[in-house]
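Colleague: With the sequence up front, the predicted model follows.
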Amino acid sequence: SDRDKVMTSSRSRPSPRGMVRALAMCGVVYGFQTRPEVRAAMRRQATDTSAVESFLTERFPSFARMVTSHDELWKKLQESVDGVTVFAPNDAAFEQLGEKRQAQLQDVRNGEAAEKIGAYHFINEPVTKDQLFASGGVITLGGELTVGQTVSGGLFGVFGAQEDGGVTVNGANVVDSFQVGTSIVHEMNKFVSPSLLWRYCDQLRIPGSS
């Protein structure tokens, strides 16, 4: 009868609670099946470093020439999902190096050392100046670096000096900070890499030098 059909139909339908449970189960299975694809899509979207490279080329040409040729470095940066952090020495920082150091960075025999020096200037996630200020230290692609705060005033800039809100990374000052997409570029007045790395460059004699 029609009544029996209605009763049968109503019994065959899952309850709202059962539907939610079934959908949840489907969602879990679907999530596990597509998670690698979702992650890959997110990675392709978030690790587009072309904007960072273009910004460095325009704003920090000396540093860009130093790092953009190191493919392995950029491959590591592209593993990031949320963006990257760059400590970009400005052109004044390169001038402070002197002609000898600049020539060493361009010497193809120093390629491995130059890449290691460059790696210390990148973090595989975005870190703001405020986050740096509160961190005490960061892990870069090259290794760990200490982070401090700049001070002003006091006797000889030491006794009675007060923090002025500035940030240092391995002794180099953060001059300015820029948001580039999901990434952050900090302008630095010096190189942040350990000075010990220059010893690897010093083992080579630069052609034309004494």
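Modeller: Sure, I can see it.
Colleague: list the contacts for the nearest residue to Leu145 once chain neighbours are set aside?
Modeller: Nearest non-adjacent residue to Leu145, counting by CB to CB, 6 or more residues apart in numbering: Asn170, 4.5 Å away. No exception for glycine: its C-beta is placed from N, CA and C like everyone else's. Neighbouring residues of Asn170 by CB atoms under 8 Å, 6 or more residues apart in numbering: 120, 145-146, 192-194.
Colleague: at 7 Å instead, please
Modeller: Listed by CB atoms under 7 Å, 6 or more residues apart in numbering, the contact partners of Asn170 are 145-146, 192.
Colleague: measure it to Cys201 for me?
Modeller: Asn170 sits 18 Å away from Cys201, going by CB to CB, to the nearest Å.
Colleague: CA-only coordinates of the helix or strand hosting Val185, as CSV, when you get a sec.
Modeller: Using DSSP states H and E, Val185 falls within strand 183-188. C-alpha atoms of strand 183-188 as CSV (Å, rounded to 0.1, in the frame of the first residue of the first chain):
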residue,chain,number,x,y,z
SER,A,183,57.7,36.7,2.2
ILE,A,184,59.7,39.3,4.1
VAL,A,185,62.9,41.0,3.1
HIS,A,186,65.0,42.7,5.8
GLU,A,187,67.6,45.2,4.6
MET,A,188,70.8,44.7,6.5
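Colleague: Contacts only, for Gly181.
Modeller: 51, 83 are the contacts of Gly181 under CB under 7 Å, 6+ apart.
Colleague: quick one: it from Phe87, how far?
Modeller: Using CB to CB, one gets 17 Å for the distance from Gly181 to Phe87.
Colleague: what does Gly166 give?
Modeller: As for Gly166, its distance to Phe87 is 14 Å (criterion: CB to CB).
Colleague: ok, those two, which is more surrounded?
Modeller: Counted by other CB atoms under 10 Å, Gly166 and Phe87 do not tie: Phe87 has more neighbours, with 27 against 15.
Colleague: any chance you could map the helices in the protein?
Modeller: 2-12, 16-46, 50-59, 61-67, 71-77, 91-106, 111-119, 129-135, 198-202 (DSSP state H).
Colleague: Mind listing what's buried along the fifth one?
Modeller: To tie it back to what came earlier, the one meant is helix 71-77. Of all the residues in helix 71-77, those buried under the rule 16 or more other CB atoms under 10 Å are 73-74, 77.
Colleague: Check stretch 86-106 too.
Modeller: For stretch 86-106, by 16+ other CB under 10 Å, it's 86-90, 93-94, 97, 103-105.
Colleague: can you name the two of the residues you listed that are farthest apart?
Modeller: Spanning the widest gap among the buried residues of stretch 86-106 are Val86 and Ala103, at 23.7 Å by CB to CB.
Colleague: could I get the buried residues of helix 71-77 as CSV with pLDDT?
Modeller: Below are the buried residues of helix 71-77 laid out as CSV (pLDDT from 0 to 100):
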residue, pLDDT
Leu73, 90
Trp74, 90
Leu77, 91
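Colleague: what about Gly136, distance to Met66?
Modeller: For Gly136, the distance to Met66 - CB to CB - is 28 Å.
Colleague: higher neighbour count, the two?
Modeller: Met66 (22 against 10).
Colleague: Could you report the separation of the more buried one from Leu145?
Modeller: Noted for Met66: a distance of 18 Å to Leu145, by CB to CB.
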